[in-house]
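Asks: Just a sequence and a predicted model for now, questions to come.
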Amino acid sequence: MAKFELKLPKMGESVAEATITNWLKNVGDAISADEAVLEIATDKVDSEVPSEVSGVLAEVLFQVNDVVKVGQTIAIIETEGGSVAAAPVAETVAAPVAEVANTVEVAVATAAPADFKSSDKFFSPLVKNIATAEGISITELENIAGSGKDGRVTKEDILSYIKNRGSQPAVVQQPVAQPTTDNRQPITQAVPVSVNGGDEIVEMDRMRKLISGYMVASVQTSAHVQSFIEVDVTNIVKWRDRVKNAFEKREGEKLTFTPIFMEAVAKALKDFPGMNISVDGDFIIKRKNINLGMAAALPNGNLIVPVIKNADQLNLVGMAKAVNDLGNRAKAGKLKPDDTQGGTYTVTNVGTFGSVFGTPIINQPQVGILALGAIRKVPAVIETPEGDFIGIRQKMFLSHSYDHRVVDGALGGSFVKRVAEYLEAFDVNREY
């Protein structure tokens, strides 16, 4: 029987490793091509690793909670047959779809890998090999509607696409790498002893450990400075109260305050591109796209930051759909690795929990984060041509944390002031 190495696939931009959280198959179990073998967790989201071939799980090289790097062999699968020969290239007539599938499944261990680095989407190794054999471009592959988990393209999806496309398989032979093992010994930490018999000692879960490390590293990396500004959002509150029911009826989406605030932040970032940067050592990277991170609390109390890509290009309806989609999938644990990658600036809504303002920690390697405080009815001085008077207004605080290594007070303060100006100048007669 031939042996096939199951490797940890590329899962998205900047994801270099993952933690094994659960083996779905045991040694000796039969596996079908494109069937999930194990579950993994990156620093942001959880995912599954499917098999590229059909066979039997012969060996597991890592255990639960082991950290594996992208490209490392994590298991050995025994397949039917011995050495595998390259599939011949048809000259005039494309092979039937069934034959294409069998050819690719047999040759998957020897197929030359295509360069999929230009895509941040997750494709199983089997799908990648079929695409390579059929000469399917990255653009074509990204546009195939996936029926798998989280919209993932399955073997059936790509074979159906091939049937209509009429391509020819072409598999290039390449030596099979010998399986490697990782002999690292697990690092154990002494469990603290309670001096009070009634105390309970609970180890942090994986995500809480990661969040803890990121928060400490950010404080140690960036020189955090805060600016605060109070904003009158009375017009926004009145407008939303007036249109929210009609909005939901027409768009099928709830209209919260978050997309309105996100819209203002995206506009301000276009006005002040110096806030839409990141730091890499002694270098400043000016980001071309405005990708807004949206901090979201999870049901288990942990935190995750899905990203709204090209937020400045969305109208209010598009922003509302993006906010609701990412928020719902975050709570359901269905975010994909790419959903948390590529952020250039982050917004966190501390007002959800009643906080008036806060001092949020920057999401590295970004240089700023904005906290939205709770909206409150407060007495305020209202200036009119006839004189000043006291009235009830809806107000909130914006808390802006920024990295003083590269952002000075003039820029950090001007940016949050511009956000406030956009919110206070909100047109109550606007269409959504």
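Replies: It's in. Numbering: from 1, shown residues only.
Asks: only C-alpha atoms for contact and neighbour calcs from this point on.
Replies: OK.
Asks: Could I get the phi/psi values of residue 216?
Replies: phi -60, psi -40 (degrees, to the nearest 10).
Asks: what does the one 4 residues further on give?
Replies: Dihedral pair for residue 220: phi -80, psi -20, per degrees, to the nearest 10.
Asks: ok, now how distant is it from residue 136?
Replies: 46 Å (CA to CA, to the nearest Å).
Asks: between those two, who's got more neighbours?
Replies: residue 136 (20 against 10; other CA atoms under 10 Å).
Asks: For residue 377, which non-adjacent residue is closest in space?
Replies: Nearest non-adjacent residue to residue 377, counting by CA to CA, 6 or more residues apart in numbering: residue 394, 4.6 Å away.
Asks: do residue 235 as well
Replies: residue 428 (6.2 Å).
Asks: now the one you found: how far from residue 138?
Replies: Taking CA to CA, one finds residue 428 at 44 Å from residue 138.
Asks: Could you check which of these two has the larger neighbour count?
Replies: Counting neighbours by other CA under 10 Å for residue 428 and for residue 138 shows that residue 138 has the greater number, 18 against 14.
Asks: which stretch of helix or strand covers residue 218?
Replies: Element membership for residue 218, per DSSP states H and E: helix 206-221.
Asks: and after that helix, which helix or strand comes next?
Replies: strand 224-232.
Asks: just checking, next helix/strand downstream of that next one?
Replies: helix 234-251.
Asks: mind listing what's buried in that next one?
Replies: Buried positions in helix 234-251, judged by neighbour count with 16 or more other CA atoms under 10 Å: 234-236, 240, 244, 247.
Asks: These into a markdown table, with extra columns for distance to residue 201 and pLDDT?
Replies: Shown next, in a markdown table, are those (distance: CA to CA, whole Å; pLDDT from 0 to 100):
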| residue | distance to residue 201 | pLDDT |
| --- | --- | --- |
| 234 | 47 | 97 |
| 235 | 49 | 97 |
| 236 | 46 | 97 |
| 240 | 46 | 96 |
| 244 | 46 | 95 |
| 247 | 48 | 95 |
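Asks: Which one of the residues you listed is nearest to residue 255?
Replies: residue 244 (5.7 Å; CA to CA).
Asks: mind checking how far residue 210 is from residue 45?
Replies: 12 Å.
Asks: how near is residue 257 to residue 320?
Replies: For residue 257 relative to residue 320 (CA to CA), the value is 9 Å.
Asks: repeat for residue 146
Replies: 24 Å.
Asks: So these two - more neighbours on which side?
Replies: Using other CA under 10 Å as the criterion, residue 146 and residue 320 rank with residue 320 on top: 22 against 17.
Asks: Doesn't that one belong to a helix?
Replies: Yes. Counting by DSSP: H, G, I helix; E, B strand; the rest coil, residue 320 is found in a helix.
Asks: my guess is it meets residue 261, correct?
Replies: No. Counting by CA atoms under 8 Å, residue 261 is not a contact partner of residue 320; they are 10.5 Å apart.
Asks: Compute the first-to-last residue distance for stretch 55-64.
Replies: 22 Å.
Asks: Now tell me what touches that stretch from outside.
Replies: 19-23, 25-33, 68, 73-80, 181-182 (CA atoms under 8 Å, 6 or more residues apart in numbering).
Asks: now residue 219: how far from residue 212?
Replies: Taking CA to CA, one finds residue 219 at 11 Å from residue 212.
Asks: now the contacts of stretch 55-64: which count as buried?
Replies: Buried among the contacts of stretch 55-64 (16+ other CA under 10 Å): 19-21, 23, 25, 31, 33, 68, 73-79.
Asks: where does the protein have low pLDDT?
Replies: Where the chain drops to pLDDT under 70, the residues are 12-14, 43-44, 81-120, 122, 124-126, 148-151, 166-196.
Asks: Let me see the ranges of the helices in it.
Replies: Counting by DSSP state H, the chain has these helices, from start to end: 97-107, 125-134, 138-142, 155-165, 206-221, 234-251, 258-271, 316-331, 409-424.
Asks: Residue most distant from the centroid, the chain?
Replies: residue 386 (53.0 Å; CA atoms, centre = their mean).
Asks: Centroid-nearest residue for this structure?
Replies: Closest to where the C-alpha atoms of the chain average out (CA atoms, centre = their mean) is residue 340, at 2.0 Å.
Asks: and the longest strand along the chain, how far from the chain's centre?
Replies: Ranked by residue count and defined by DSSP state E, the top strand of the chain is strand 387-403. A distance of 33 Å separates the centroid of the chain from that of strand 387-403, by CA atoms, centre = their mean, to the nearest Å.
Asks: Equivalent analysis for stretch 201-214, please.
Replies: So, by CA atoms, centre = their mean, the centroid of stretch 201-214 is 19 Å from its chain's centroid.
Asks: Flag every buried residue along that stretch.
Replies: 207, 211, 214.
Asks: follow-up on the earlier one: what are the buried residues along the longest strand of the chain?
Replies: By 16+ other CA under 10 Å, the buried positions in strand 387-403 come out as 393-403.
Asks: Output those residues in TSV; the columns should cover distance to residue 310.
Replies: Listed next are the buried residues of strand 387-403 as TSV, based on distance: CA to CA, whole Å:
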residue	distance to residue 310
393	33
394	30
395	29
396	26
397	26
398	23
399	23
400	21
401	22
402	21
403	23
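Asks: out of the residues you listed, who's nearest residue 203?
Replies: Among the buried residues of strand 387-403, and counting by CA to CA, the member closest to residue 203 is residue 401, at 30.4 Å.
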